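K.L.:
got a predicted structure here, sequence first:
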Amino acid sequence: ARSSAADDEFLEARASRVPLRRDEEAVMIPASALTSLPSAVAARVVRRGLRMLRGPHAGDGASVEAVMAAAVGLGVSTLRGGLDTRREGPFVVVAGPPPPPPAQVVLTLPGTARFGPWTITAGSGGVPVPVVGPVVVRAARPGDRISIGSGTKGVAEALREAGVPVRLRPRWPVIEEHGRIAWVVGVRVAPTTTGGVVSMSAMREWR
């Protein structure tokens, strides 16, 4: 029993060194950890991620296996408890139902606004955004378009090209001034016009 306890303590300690990210409805596990660590350690990493979403419930064996399979790109799997798992870039994501988009907020210039997990700051460095007055920070909507100089591009297409995960696109912030999208945050800025330009930056908070 003492030997088994020592083995378990060693495996848990090794698993605890793998960094996990948490956002509103999901836990993100580095896929490289699940594919390179011994299976006994990787399974403990998965169970730690599941506990972050489900409290003391670390999932059953089938759930752990599904998350491990997602690390090598084997599609989307539904887990017990209303969760699903999939590969998103370098991460395996275990996610529950997505929350609704945050309510839009007004950002004065200069100033700072909170939008869900995002902090948007105007007037203190960052990218030059073609705006002159107060702007609205809101979630991207179906049909939104941003100018690209020679025409326009769908915001949904810009988010896809930038690799923004599908589950995050309905909550992704855009900066709107008088009905015109000036910045798809972190993705694309509209061309500079004859009006003013304000430096803007954005930071996303992870739990």
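P.N.:
Yep, it's here.
K.L.:
residue boundaries of the helices in the protein?
P.N.:
2-16, 31-36, 39-54, 61-70, 155-161 (DSSP state H).
K.L.:
so can I have CSV of the ones you listed showing mean pLDDT, mean neighbour count and distance to residue 108?
P.N.:
For the C-beta atoms, the positions are set from N, CA and C on the backbone; glycine is no exception. CSV is the format used below for the helices of the chain (pLDDT from 0 to 100; neighbours: other Cβ atoms under 10 Å; distance: least, Cβ to Cβ, whole Å):
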stretch, mean pLDDT, mean neighbour count, distance to residue 108
helix 2-16, 83, 12, 43
helix 31-36, 96, 17, 41
helix 39-54, 94, 20, 36
helix 61-70, 94, 19, 43
helix 155-161, 98, 18, 24
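K.L.:
tabulate the ones you listed (CSV), appending distance to residue 77.
P.N.:
Shown next, in CSV, are the helices of the chain (distance: least, Cβ to Cβ, whole Å):
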stretch, distance to residue 77
helix 2-16, 21
helix 31-36, 14
helix 39-54, 12
helix 61-70, 4
helix 155-161, 23
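K.L.:
out of those, flag the one nearest residue 82.
P.N.:
helix 39-54 (9.7 Å; Cβ to Cβ).
K.L.:
flag every buried residue along the lengthiest strand in the chain.
P.N.:
Counting by DSSP state E, the longest strand found in the chain is strand 118-129. For strand 118-129, the buried set under the neighbour-count rule, 16 or more other Cβ atoms under 10 Å, comprises 118, 120, 121, 122, 126, 129.
K.L.:
and it, average pLDDT?
P.N.:
Across strand 118-129, the average pLDDT comes to 93.
K.L.:
tell me the contacts of residue 22?
P.N.:
28, 52, 206, 207 (Cβ atoms under 8 Å, 6 or more residues apart in numbering).
K.L.:
oh sorry, the question was meant for residue 108
P.N.:
By Cβ under 8 Å, 6+ apart, residue 108 lies in contact with 122, 134.
K.L.:
give me the pLDDT value at it.
P.N.:
For residue 108, the predicted pLDDT is 95.
K.L.:
next: the one 4 residues further on.
P.N.:
On the pLDDT scale, residue 112 is placed at 97.
K.L.:
contacting residues for the nearest residue to residue 188 once chain neighbours are set aside?
P.N.:
Spatially, and ignoring its direct neighbours in sequence, residue 188 is nearest to residue 158 (4.9 Å; Cβ to Cβ, 6 or more residues apart in numbering). When contacts are counted by Cβ under 8 Å, 6+ apart, residue 158 is found next to 146, 184, 187, 188.
K.L.:
which of these are buried?
P.N.:
Buried among the contacts of residue 158 by 16+ other Cβ under 10 Å: 146, 184, 187, 188.
K.L.:
my guess is residue 25 contacts residue 97. True?
P.N.:
Yes: Residue 25 is within contact range of residue 97, at 6.5 Å (criterion: Cβ atoms under 8 Å).
K.L.:
okay, these two: which has more neighbours?
P.N.:
residue 25 (17 against 9; other Cβ atoms under 10 Å).
K.L.:
list phi and psi for the closest residue to the more buried one other than its chain neighbours.
P.N.:
Closest residue in space to residue 25, ignoring its immediate chain neighbours: residue 96 at 4.8 Å, by Cβ to Cβ, 6+ apart. Main-chain torsions, residue 96, degrees, to the nearest 10: phi -100, psi -170.
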